[in-house]
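**Q** Just need the structure, nothing else, for what follows:
(chains A and B)
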Amino acid sequence: MRNNLIKKISLKMCLEAGLLLLSLGMGIYFQWEIANLIFFLLFVILILHPIASRFAAFGAISFLVVTAILLAAKQSDWAEISAIWAYYLMIFTAMLSFSELQSDENNATIAKDK
Amino acid sequence: MKKWDYRKLVGFVEKEKRIFFALGFLVLAFTVNYVLYANHKKTTESCTEGKCLIALPEKPQLTKESGYYYVDDIFKDQPSGFYRLTFQGKSDQAEQVLLKLNTYSEKENQLETLTFEPSSKLQKQEIFFFLPDGFDSLLFQKENSNSSGNIFIQGVGITKLNITDKSELALLKKTVLGETDMDTVKISQLVSDYSFPWLKENKIVLGQIFQADESVISAVEFKIDINKNLNPGSRQYVLSLREAKYSGDKVSLVGPTIVDVTFSMNSIEKYRQVDGSFLFPIYATLEKGKYYLLGVDNSKVGVSNQNFLEFRGAKDDNSYPNGSAVMRRYKELYKIDGDLYFKIHGANLLVENGEKILNGAKIEYLGKGTGKYSYATKGKFIDLLDLETASPGTEFSDNDKVVYALAKDDASFSYAVNTLYPISKMNFSATQIKAGWKKVKISYSLDKNNWLDLPFSEKSEVVINPADNLAPDQSLTADSTDADTADSSDAMAGDSSADVSDGTAEESVQETVQTFDADIIPTKEVKTVYFKVTYDPSDMSKGKSFALKNLKITADLKMK
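**A** Numbering: from 1, shown residues only, chains lettered A, B, ... in the order given. Prediction:
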C-alpha cells in the first residue's frame, strides 16, 4: 500500500513537473518576456494547486494602488506595467473564485447526500 | 503479463482532473499564440508593388469605364473673352483627349485635341481659348472610349486674359509654375541584404551616420521589416536628426535634436512606399560636409521579440564610405559594423532667371503688360520646403496641416516671394491658426534690412471643449497616440474657465484670433518681398507654438 502511494505521488508529480516544463518550453518558443512567463507559470501552478482567491484579489488591489501612485508620480511606463499585472491577478482571482464556488457546491451536495 | 486496467486510468483522471484541465489550458494557450502571434513579420519584399499600402492610390479622372471628366461651373459668372486654361496631366499610355466647353443642356464646343504621352510625372499644360457666352463647364473626353489608358488630370484653373484680339495670343509669355523636385537623392546606401535586429532590445537607438552633400534634407527612406504581434500598442518610436562628430571609429553627438518624426508600430504604415520601403518626411537645412545622425529611438516603446523593427542594410562596413551604422545602448553611442539602407532626399525649388519660385506659385502673363502672381500654402508637408529660413523646432503638423514653430527665444520662419517681374501691388492674407496659440507677428521687407509690421484685425472665438471630447491636439499624448509633435497644450491656453456639471467638465476658451489681410504697394521697382513670421513676445498666454493657416499671397505684376 505504501509502495502504491509512492507510485501514485510520483506519477502525479511527474505529470505536474511535465506541465511546468511544457509551459516553460512554450515561453521560450514564443519568446515571452520574463514577467509574462512568470505569470503564465503562476497561472498553471494555481490551476494545479489553487489557493484562496482572496490572496490573488489582494495582489490585484495592491497593484491597482501602485498603478495610481505611479500615475501620480508621472511614471506612466511603470504604471502601465503595474496595471497589466493587476489585470493578470484579477483573472487569477476570477479563476480561483470559480474553483471555490465549485468546491462549495460539491461539499454542499455531499452534506445533503449524507 | 499484467492486464491493463482502464478503470484505474478513469479513476486517476477523475481524481486528478486539475492536471488535465491544466493540460487543456496549455494546448489552448499554444494554439492561440501560434495562430495569432507567431511569425507575423512584414518584410520589405512582401510589401512590394503596393501590397501593404494603406492609403488608397489616387484615382484617374479618365479610364476605360469612365471616358468623361467634367469640371463643373468653372465658367459660371465668368464674362466672355480670352482665357488661359492651366492644368497638370499624365497618362499611363499614349492617349488623345478632346477638350470641350460644355453646358448642362449638353451644348458642346470643342476647343482642341490634347495629346498625352505615357509618363509617371504630371506634365504642365497651358491652353488659350476664347470663351463665348453660355458655357459653364469644361469637359475632358477620351477620344477613343475603348482605350485602356488611365489619365490623371489635376489643378485645373482658368485665368481671364487682358486681351481683346486673337493676334495678341502670340505675344503671351509662358506661365511659370513653381514645382519642388523632391526626387533628388545624392546620398544613399542601397544594399539591403542584412537585417539589424538591435531594436528588439529596450532603450536602443539605431541609426546611420552620413555626410551632408546637400543643403536641405526633405525626407529619408529606409527599408524596415516589421515584427508585430496582435497588439503592439501605440507607443512612439522617434526618428531624429542630429549633428554628429564622426572619425572612423569614434562617434559623438553635437547639439540638440534638429528635427524628429514620431510613429508607432501601426502608424508607420502611412509612410510606406509602393516598393515596400518607408519614406519619412523630415525637413532640415544641413551644412555640406558635416556629419549627421539619423537614428530611431525605441525608448518609449515596449519592444519584445514579438514586437520590434528590423532595419535592413549591409553587413559590409564599406557599403557607405562616409559614415556607418551606429547604436546607442546604456547611454553610450558607438559604431557598429555595416550600414543601414538609406536614401536622403533633397529638395530643389524651381529656379527661373536665377530666382527660386515657391512650390505651387503661379506667374501668369495676362496681356497688355500686366501679369498676376499667386501662391497659397497647401496644408501639406511640402509647405515646409517653401521656407527661406526657419529656426530650429520649425516643423509641419500633420494634425493641423500647418507649419508651426515653438514660441521661444528668437524663433521665426520666413518666406522670400520672388515674382520675377516688378510688383505693382501685393496682397498678403493669412489667419492665426486658432485661439489659444501664441499671437503671431508678421513683418515684411523689400530689402531684408527695413522691416515693417503687417497690420491685422482680431475676432473673438469661443470654444467649448467637453473634457472627454477635447480638440485633437489636446487629447493626444506622445505615448498613447500618433500625434504629431504640435504643441498639445496650445489649444487650451488663453482665458479659460472650467465648468463641471453633470459629472462632465467643460472648458470654455475665449480668445481672439488674428486675421492678416494687407496690401503692399512698393514705391520702387521690386521683384522680391520677404515675409518674416514670428510670435508676439508681449502675448503672455500659455500657448507654446505659433502658426498661420490659409496663407495666400497674390500680386499684380508689370510684365512689359
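**Q** can I get the CA coordinates of stretch B:385-402 in PDB?
**A** Output of stretch B:385-402 as PDB, limited to C-alpha atoms (Å, rounded to 0.1, in the frame of the first residue of the first chain):
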ATOM      1  CA  LEU B 385      10.200  73.400 -48.200                       C
ATOM      2  CA  ASP B 386       8.900  76.900 -49.200                       C
ATOM      3  CA  LEU B 387      10.500  78.500 -46.200                       C
ATOM      4  CA  GLU B 388      13.600  80.600 -46.800                       C
ATOM      5  CA  THR B 389      14.700  80.400 -43.200                       C
ATOM      6  CA  ALA B 390      13.400  78.500 -40.200                       C
ATOM      7  CA  SER B 391      14.600  78.400 -36.600                       C
ATOM      8  CA  PRO B 392      15.200  75.000 -35.000                       C
ATOM      9  CA  GLY B 393      12.000  73.400 -34.000                       C
ATOM     10  CA  THR B 394      10.000  74.600 -37.000                       C
ATOM     11  CA  GLU B 395       8.000  71.600 -38.200                       C
ATOM     12  CA  PHE B 396       4.900  70.600 -40.100                       C
ATOM     13  CA  SER B 397       1.900  69.500 -38.000                       C
ATOM     14  CA  ASP B 398       0.000  66.600 -39.500                       C
ATOM     15  CA  ASN B 399      -2.900  67.300 -37.300                       C
ATOM     16  CA  ASP B 400      -3.300  71.000 -38.000                       C
ATOM     17  CA  LYS B 401      -1.900  70.900 -41.500                       C
ATOM     18  CA  VAL B 402       0.300  73.900 -40.900                       C
END
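**Q** Please compute how far it lies from its chain's middle.
**A** Centroid separation between stretch B:385-402 and its chain, computed with C-alpha atoms, centre = their mean, to the nearest Å, is 10 Å.
**Q** avg pLDDT for that stretch?
**A** Average pLDDT, stretch B:385-402: 87.
**Q** got the buried residues for that stretch?
**A** Across stretch B:385-402, burial judged by 16 or more other C-beta atoms under 10 Å in any protein chain shown covers B:385-388, B:390, B:392-402. Bear in mind the C-beta positions are built from the backbone N, C-alpha and C, glycine included.
**Q** what bits of chain A have low per-residue confidence?
**A** Scanning chain A with the threshold set as pLDDT under 70 gives A:1-9, A:110-114.
**Q** Could you do the stretch 451-560 of chain B as well?
**A** B:461-510.
**Q** Walking through it, point out its strands one by one.
**A** B:452-453, B:457-466, B:495-501, B:504-520, B:528-535, B:545-558 (DSSP state E, counting those that start in this stretch).
**Q** now for chain A, which residue lies nearest the mean position of the chain?
**A** Taking C-alpha atoms, centre = their mean, the centroid of chain A lies closest to A:Phe43, which sits 3.2 Å from it.
**Q** And whichever strand or helix holds that residue, what does it pack against?
**A** If you go by DSSP states H and E, A:Phe43 is part of helix A:34-48. Counting contacts by 3 or more C-beta pairs under 8 Å, 6 or more residues apart in numbering or on different chains; DSSP states H and E, helix A:34-48 packs against helix A:2-29, helix A:76-113, helix B:17-36.
**Q** gap between B:Phe30 and A:Leu22?
**A** 9 Å (C-beta to C-beta, to the nearest Å).
**Q** Same question for B:Trp198.
**A** Note on B:Trp198: its distance to A:Leu22, by C-beta to C-beta, is 31 Å.
**Q** more neighbours, those two?
**A** A direct count of neighbours by other C-beta atoms under 10 Å in any protein chain shown for B:Trp198 and A:Leu22 places B:Trp198 higher, at 19 against 16.
**Q** give the contact list for the residue lying closest to A:Leu46 once chain neighbours are set aside.
**A** Nearest non-adjacent residue to A:Leu46, counting by C-beta to C-beta, 6 or more residues apart in numbering or on different chains: A:Phe92, 5.9 Å away. A:Phe92 is in contact with A:42-43, A:46, A:53, A:56, A:59-60, counting by C-beta atoms under 8 Å, 6 or more residues apart in numbering or on different chains.
**Q** The residue of chain A found nearest chain B - how many residues pack around it?
**A** Proximity to chain B, evaluated over chain A using C-beta to the nearest C-beta, is greatest for A:Gln31 at 3.4 Å. Neighbour count for A:Gln31, taken as other C-beta under 10 Å: 13.
**Q** And for B:Ser120?
**A** B:Ser120, neighbours per other C-beta under 10 Å, totals 6.
**Q** Checking it next. Helix, strand or coil?
**A** coil (DSSP: H, G, I helix; E, B strand; the rest coil).
**Q** How many residues are close by the nearest residue to it once chain neighbours are set aside?
**A** Of all residues not flanking B:Ser120 in the chain, B:Lys90 sits nearest, at 6.9 Å (C-beta to C-beta, 6+ apart). B:Lys90 sits with 18 neighbouring residues when counted by other C-beta under 10 Å.
**Q** Look at B:Lys90 and give its secondary structure.
**A** Classified using three-state DSSP, B:Lys90 is strand.
**Q** Quick check: bridge partners of it?
**A** B:Phe152 (DSSP bridges).
**Q** ok, now the one 5 residues further on?
**A** The partner list for B:Glu95 in beta bridges (DSSP bridges) reads B:Phe116.
**Q** At the contact with chain B, which residues of chain A appear?
**A** Applying C-beta under 8 Å from any C-beta of the partner chain, we find that chain A lies next to chain B at A:11-12, A:15-16, A:19, A:22-23, A:26, A:30-33, A:40, A:43-44, A:47-48, A:50, A:76-77, A:80.
**Q** just the buried members of those?
**A** Judged by 16+ other C-beta under 10 Å, buried ones among those: A:12, A:15-16, A:19, A:22-23, A:26, A:30, A:32, A:40, A:43-44, A:47-48, A:50, A:80.
**Q** Counting neighbours, what do you get for residue 67?
**A** You didn't say which chain, so I picked chain A. 21.
**Q** Wait, chain B was what I had in mind.
**A** Neighbour tally, B:Gly67, other C-beta under 10 Å: 18.
**Q** My read is that it contacts B:Leu139, right?
**A** No. Contact criterion C-beta atoms under 8 Å: B:Gly67 and B:Leu139 do not qualify, at 10.5 Å.
**Q** Can you report phi and psi for the residue of the stretch 151-300 of chain B found nearest chain A?
**A** Nearest residue of the stretch 151-300 of chain B to chain A, counting by C-beta to the nearest C-beta: B:Lys300, 7.6 Å away. Main-chain torsions, B:Lys300, degrees, to the nearest 10: phi -90, psi 0.
**Q** nearest residue to it other than its sequence neighbours?
**A** B:Arg235 (5.1 Å).
**Q** What score does that neighbour have for pLDDT?
**A** B:Arg235 is assigned a pLDDT of 83 by the prediction.
**Q** ok but it is inside a strand, no?
**A** No. B:Arg235 is assigned coil when assessed by three-state DSSP, not a strand.
**Q** Isn't it up against B:Gly302?
**A** Yes. Counting by C-beta under 8 Å, B:Gly302 is a contact partner of B:Arg235 at 6.2 Å.
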